[in-house]
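Asker: coords please:
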Amino acid sequence: MQPADSCDLFSILDQVTDPRGRQGQRHTFNAMLAAIICGTLSGIRSMRMIAKWVRQLEPSTYHWLGFKRIPPCANTYTDLLKEICPEEFEKAIREWTRTLKGIEMGNDSLRATSIDGKTLCGSLQTHQRAVHLLSALDQQTGCVLSQTRVDCKTNEAKAVFSLFKTLVLKGKVIIGDAMFCQRDVCEEIVDSDGDYFFTVKENQPTLLKEIQLAFAETEGFSPLATVRNGSRTRGSFDAW
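Answerer: Numbers count the residues shown, from 1 in each chain. Next comes the predicted model:
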């Protein structure tokens, strides 16, 4: 991947609303966000280590990021992330990644895009559930195209519709586990000119049985079923 023009990142971060009051601002808003992004891209996974990493940079480097004095401690970054709008921040990062050289998303070939949900470590709070995010990963570039928070009152199969609103599904093959093998999810993908590849397991016995019967006599179709000792093994089927 070729380095992108840094000015693009700073200008795009202007789209994110600064939640801080005008009084007592010691560090520029864009400098702190840029430091978090650059630290994460460097493989750092905690605010404490990002703060340490930025402070170990040459003064000319963190001045280039926008800091006018010694960069802040970890708590300052953490407090800022708690206050900003996550949707605005994610949108800005998503737009910036599209400007990076070496990442081409506009070709006509089918692109495999995996959707999956994970619970964030360390996000559990008193009287609240841990944060659960549903993400879409482009398998060709390894980039997260978009993500959305799954409300504690629903599940990934319902939250995926919010995720789809941030994606262009045309030309993509959406890959997911049995959670997404739902009629309305599949219809949404097909209606948006996309394709899907979902796993059907025994927790959906009726659908699994229908697929087994539909392809029982069809040669050349091999939905993960193998022949052992002269008989076909039972297992999961993949639907598309």
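Asker: quick check, C73 in contact with A51.
Answerer: Yes - with contact defined as C-beta atoms under 8 Å, C73 and A51 form a contacting pair (5.4 Å). Using the backbone N, CA and C atoms, a C-beta is placed for each residue, glycine as well.
Asker: so for those two, which residue has more residues nearby?
Answerer: Neighbour tally, C73 and A51, criterion other C-beta atoms under 10 Å: the higher count belongs to A51, 22 against 13.
Asker: care to break the protein down by domain?
Answerer: Domain assignment for the chain by automatic domain parsing gives 6-98, 111-239.
Asker: of those domains, which shows the lowest average pLDDT?
Answerer: Mean pLDDT is lowest for domain 111-239 among the domains of the chain, at a mean of 81.
Asker: ok now it, how far from the chain's centre?
Answerer: 14 Å (C-alpha atoms, centre = their mean, to the nearest Å).
Asker: mind saving the C-alpha coords of the lengthiest strand in the chain as CSV?
Answerer: If you go by DSSP state E, the chain has its longest strand at strand 111-119. Extracted in CSV, the C-alpha atoms of strand 111-119 (Å, rounded to 0.1, in the frame of the first residue of the first chain):
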residue,chain,number,x,y,z
ARG,A,111,-15.7,-9.2,-4.0
ALA,A,112,-16.0,-11.4,-0.9
THR,A,113,-17.1,-9.4,2.1
SER,A,114,-17.4,-11.2,5.5
ILE,A,115,-19.8,-10.0,8.2
ASP,A,116,-19.4,-11.0,11.8
GLY,A,117,-20.0,-9.6,15.3
LYS,A,118,-17.6,-9.4,18.2
THR,A,119,-17.9,-8.2,21.8
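Asker: other SSEs contacting the helix or strand that comes right after it?
Answerer: Next in sequence after strand 111-119, counting helices and strands by DSSP states H and E, comes strand 132-138. With contacts taken as 3 or more C-beta pairs under 8 Å, 6 or more residues apart in numbering; DSSP states H and E, strand 132-138 sits against strand 111-119, strand 143-149, helix 156-164.
Asker: now render the ones you listed as TSV, adding distance to K91 and mean neighbour count.
Answerer: Formatted as TSV, the helices and strands packed on strand 132-138 follow (distance: least, C-beta to C-beta, whole Å; neighbours: other C-beta atoms under 10 Å):
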stretch	distance to K91	mean neighbour count
strand 111-119	18	17
strand 143-149	9	19
helix 156-164	13	18
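Asker: for A34, find the nearest of the ones you listed.
Answerer: Set against A34 and scored by C-beta to C-beta, these come closest in strand 143-149, at 18.4 Å.
Asker: that closest one pairs with which strands, and in what direction?
Answerer: strand 132-138 (antiparallel) (DSSP bridges).
Asker: just the buried positions in the strand it pairs with, please.
Answerer: H132, L133, L134, A136, L137, D138 (16 or more other C-beta atoms under 10 Å).
Asker: thank you, goodbye.
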